[in-house]
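In: sequence? don't have it. structure:
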């Protein structure tokens, strides 16, 4: 029936052109708001921990967000539903990752040595998990959708092992030298600010001491390590600086794959109906789908650059009292793993929810309830709950108004 209509009335959509224009405008603002809020979650821990500067986060976010949206974003544009369990899942993964680091590195006598030993393994794990989720049933434009699960796994493991080998052999001396250089630079900056009478920017005075972990918790039984606060050596944290850059980049890629699709899916449905009469009939193979995802990515990047610093401050400094490269790495790995798995199963989630859940769980794992500002967390949850009825009311009112004019 629709084919007959298109044949005898090819211009039947002309009276609805204004609706498409309005959809583009609103889609831009939705993506803009998503960038000002959700995109900050990718680099909030890294900026808060001092791993990267804000302008570096802008550049890396722009590149990886677009790649994630164009290569994987079409996987999620078919459904938009509510989500609640994702913060818990991400928190469990992130908290579990922190406990692995805690028991394998932080409670050791020479934490710097153990961090250097295990850093290549953590790098391998991060690459394998993220790359497998990207490669398996991946981009049709790159031919990744033709790979079997074991071929995708083999390719991911090969790249992960290559990352491990790179840090173990050619860059064996680069990693500790870089950590020491960053440590020395940070120490000089702190000393200069102390001598000038100013408080160390982004650091606590106690961080100037090198904590002796064995002296602090050596008398505890092994199971008490689970709840005990373990100080993080400043030099050891610089080793995880490299890991956090990789994990933040992976998280930005997944953010582009997931949240860009969520913001553009209504626009895509309107556009495809306007162009072909079918919503999502062949969305995955159309070139204009990629252009619309790129449009959404641009709006998100613009929102991140103009307003993102506000959310970064909330996430990195107000919600948790001690954001470090170690905890930031665990937060980002847990969030990225959760987002990518859900994207591959076609389950729409929010990376904001995942990141907040990961921050809370890692804060608890790091220093029980003292590591998290639950007052800030309650405010965030309250605004989450308000978003649903407010969005529903606005949607109903808009629908009723449009029905009167269409």
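Out: The structure has been received and is ready for your questions. Note that the structure is a prediction, hence the values are computed from the model and not measured.
In: Tell me where the stretch 101-250 of the chain has helices.
Out: All helices of the stretch 101-250 of the chain, identified by DSSP state H, counting those that start in this stretch, fall at 111-135, 149-168, 174-195, 213-217, 234-276.
In: what's the spacing between the residue lying closest to residue 373 once chain neighbours are set aside and residue 376?
Out: Distances taken as Cβ to Cβ, 6 or more residues apart in numbering place residue 319 nearest to residue 373, at 5.4 Å, with adjacent residues excluded. C-beta coordinates here come from the backbone N, C-alpha and C atoms, glycine included. Distance from residue 319 to residue 376, counting by Cβ to Cβ, to the nearest Å: 5 Å.
In: and the closest residue in space to residue 260 that isn't next to it in sequence, what does it touch?
Out: Leaving aside its chain neighbours, residue 260 sits nearest to residue 69 (3.8 Å; criterion: Cβ to Cβ, 6+ apart). Counting by Cβ atoms under 8 Å, 6 or more residues apart in numbering, residue 69 makes contact with 256-257, 260-261, 293-294, 296-297.
In: Mind doing that once more with 6 Å?
Out: 256, 260, 293, 297 (Cβ atoms under 6 Å, 6 or more residues apart in numbering).
In: Tell me how far the helix or strand where residue 363 lies lies from the chain's centre.
Out: Here residue 363, judged by DSSP states H and E, is contained in helix 351-367. Mean C-alpha position of helix 351-367 versus that of the full chain (Cα atoms, centre = their mean, to the nearest Å) differs by 12 Å.
In: can you check stretch 305-318 too?
Out: Counting by Cα atoms, centre = their mean, stretch 305-318 comes out at 14 Å from the chain centroid.
In: correct me, but residue 367 touches residue 230?
Out: No: counting by Cβ atoms under 6 Å, residue 367 sits too far from residue 230 to count as a contact (8.7 Å).
In: From the contact counts, what lies against the helix holding residue 363?
Out: Other helices and strands packing on helix 351-367, by 3 or more Cβ pairs under 6 Å, 6 or more residues apart in numbering; DSSP states H and E, are helix 40-48, helix 86-101, helix 325-344.
In: Also compute the angle for it relative to helix 325-344, please.
Out: Interaxial angle, helix 351-367 versus helix 325-344 (axes from the mean of the first three to the mean of the last three Cα atoms, to 10 degrees): 140 degrees.
In: contact partners of helix 351-367?
Out: Residues from elsewhere that reach helix 351-367 (Cβ under 6 Å, 6+ apart): 38, 41, 86-87, 90-91, 94-95, 98-99, 229, 255, 259, 319-320, 327, 330-331, 334-335, 338-339, 371-372.
In: low-scoring stretches of the stretch 301-406 of the chain, by residue?
Out: 321, 340, 343-344, 346-348, 368-371, 406 (pLDDT under 70).
In: Any chance of the contacts of residue 69 in CSV with distance to residue 103, pLDDT and neighbour count as columns?
Out: Listed next are the contacts of residue 69 as CSV, based on distance: Cβ to Cβ, whole Å; pLDDT from 0 to 100; neighbours: other Cβ atoms under 10 Å:
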residue, distance to residue 103, pLDDT, neighbour count
256, 34, 73, 31
260, 37, 76, 34
293, 41, 84, 27
297, 39, 88, 29
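In: Turn those residues into CSV, columns for distance to residue 383.
Out: Formatted as CSV, the contacts of residue 69 follow (distance: Cβ to Cβ, whole Å):
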residue, distance to residue 383
256, 24
260, 22
293, 27
297, 25
